[in-house]
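Engineer: what follows is a predicted structure for the sequence shown.
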Amino acid sequence: MSEFNQLNLVSSLRTAIQQAGFQAPTPIQSQAIPHLLDGHDLLGIAQTGTGKTAAFVLPILNRLISQPRRPRAGETTVLILTPTRELASQIGATIEAFSATLPIRHTVIFGGVGQYLQAKAMSRGVHILVATPGRLLDLINQGIVRLASLQVFVLDEADRMLDMGFIHDIRRVIALLPADRQTLLFSATMPPEVEELTKGILRDPVRVEVTPQSTTVEKVDQKVLFVNKENKRALLKKILEQQDIQRALVFTRTKHGADRVTEHLEKNAIPAMAIHGNKSQSAREKSLELFRNGEVRVLVATDIAARGIDVAHISHVINFDLPNEPESYVHRIGRTARAGNDGQAISFCDASESPYLRDIERIIRQKVPVDRDHRYHCEIAAGMFPEPQRGPSSARRQAPTPTRSAAPAKGRRPPPVVARHAEQTARPQGQRNKAPRVSGG
């Protein structure tokens, strides 16, 4: 299938798709939409940037148009559960783009802002509710949201949900859903915890997988620069002064680090803004808007804050700090080279981060090319990478290889998460087990 008009969508929705400027479906859309229109449960394995949001939004809208019903006060026909505020807002924007001329009511609820407007929207009832787990449970407990009439449940970014400690919240929500429903689960990777979750909530699901698990986008040009830690900010400044960098997303490991990098760039006449969990919702949305419209070409972010950022034409992703979770590297560089465009991923690596690079190369099953042609190249850092046949490296003795977080022992419960503010403060559960230990994010 090469065109949307071959996907058996209702005419009013095809018109909306055309008006939104969409020409042809992506692979995940062409594979998933027919099954969803037939009412099947679905397990979708796809990374951000593959068009998965439209893959579930379009058949949901088609269902609501074909089977119109007026939701009652406090009720919703469709629930889309997502881990972060930014991703919830992005999904809401996609729904708005396709349903602007359709008689569909939708709203987005998340923590970090007052609940008055969210409660007001729910008082009329909505066809589609996009929510983060903490605020959703808050409003359910207050009687503002009711799920008894739900027909479709979408669990988006399931792997990140579990990484952020939302498993108990997810199970509490699922326990409130009607048994007779259509369920969709999307995840970029399929760790054992997600596999177990799918068995409990999906009924004879169709499995759609459009990219290999935990692999990088083929069009991303990757390279690593060895540099001493104290020279990282000077190297970043030098790189961002290049004119070919149209829009760059810079990743740091901590919130404090994001602020320090942003302050350094501003002092050197490079406009930049930071986005992380300590920023207010209005500040985060302002930063994203300035980044989208090109007023600021550098956005500095932490992994959790960046989840759900869907900005077109990001030419470069720069890993100021290598992530201590190799899967995060895949998510990071997937922000560039979208929709057929090329993109570059530049990673800084100091001596203490050599184990992280080893883990990244293991998961992407390839070596990241080393760029030594820069003034801050560090031979000491480069020397931390001997060939495998030479035996154990000194790097591993000085900075032990980070281990993957193991599944909790039987009978043990993961650390508690305060549901009300979880989407603002949660960190990947395995991060404490990485070396060296860091704080923030």
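Structural biologist: It's in. All of these numbers come straight from a predicted model, not from anything done at the bench.
Engineer: and the helices in the stretch 101-250 of the chain?
Structural biologist: With DSSP state H, counting those that start in this stretch as the definition, the stretch 101-250 of the chain shows helices at residue ranges 116-123, 133-141, 158-163, 167-175, 192-201, 232-240.
Engineer: same list (those helices) but as JSON lines, adding distance to residue 250, mean pLDDT and mean neighbour count.
Structural biologist: C-beta: built from backbone N, CA, C; applies to glycine. Compiled in JSON lines, the helices of the stretch 101-250 of the chain are given as follows (distance: least, C-beta to C-beta, whole Å; pLDDT from 0 to 100; neighbours: other C-beta atoms under 10 Å):
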{"stretch": "helix 116-123", "distance to residue 250": "32", "mean pLDDT": "96", "mean neighbour count": "15"}
{"stretch": "helix 133-141", "distance to residue 250": "28", "mean pLDDT": "97", "mean neighbour count": "21"}
{"stretch": "helix 158-163", "distance to residue 250": "20", "mean pLDDT": "88", "mean neighbour count": "25"}
{"stretch": "helix 167-175", "distance to residue 250": "31", "mean pLDDT": "95", "mean neighbour count": "16"}
{"stretch": "helix 192-201", "distance to residue 250": "29", "mean pLDDT": "92", "mean neighbour count": "14"}
{"stretch": "helix 232-240", "distance to residue 250": "7", "mean pLDDT": "96", "mean neighbour count": "18"}
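Engineer: so residue 223 sits against residue 345, correct?
Structural biologist: Yes - if you go by C-beta atoms under 8 Å, residue 223 and residue 345 touch, sitting 7.5 Å apart.
Engineer: ok, those two, which is more surrounded?
Structural biologist: Under the neighbour definition other C-beta atoms under 10 Å, residue 223 and residue 345 were set side by side, and residue 345 has more, 25 against 12.
Engineer: list the buried residues of stretch 280-299.
Structural biologist: Using 16 or more other C-beta atoms under 10 Å as the burial criterion, the residues of stretch 280-299 that qualify are 281, 284, 285, 287, 288, 291, 292, 296, 297, 298, 299.
Engineer: can you add secondary structure, distance to residue 330 and pLDDT and give the residues you listed back as JSON lines?
Structural biologist: What follows is the buried residues of stretch 280-299, written out as JSON lines (DSSP: H, G, I helix; E, B strand; the rest coil; distance: C-beta to C-beta, whole Å; pLDDT from 0 to 100):
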{"residue": "281", "secondary structure": "helix", "distance to residue 330": "27", "pLDDT": "76"}
{"residue": "284", "secondary structure": "helix", "distance to residue 330": "23", "pLDDT": "84"}
{"residue": "285", "secondary structure": "helix", "distance to residue 330": "26", "pLDDT": "84"}
{"residue": "287", "secondary structure": "helix", "distance to residue 330": "24", "pLDDT": "90"}
{"residue": "288", "secondary structure": "helix", "distance to residue 330": "22", "pLDDT": "88"}
{"residue": "291", "secondary structure": "helix", "distance to residue 330": "22", "pLDDT": "92"}
{"residue": "292", "secondary structure": "helix", "distance to residue 330": "23", "pLDDT": "88"}
{"residue": "296", "secondary structure": "coil", "distance to residue 330": "26", "pLDDT": "94"}
{"residue": "297", "secondary structure": "coil", "distance to residue 330": "24", "pLDDT": "93"}
{"residue": "298", "secondary structure": "strand", "distance to residue 330": "22", "pLDDT": "96"}
{"residue": "299", "secondary structure": "strand", "distance to residue 330": "19", "pLDDT": "96"}
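Engineer: any chance of those residues in CSV, plus distance to residue 369?
Structural biologist: Formatted as CSV, the entries for the buried residues of stretch 280-299 read as follows, by distance: C-beta to C-beta, whole Å:
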residue, distance to residue 369
281, 39
284, 34
285, 36
287, 31
288, 31
291, 28
292, 30
296, 29
297, 25
298, 24
299, 25
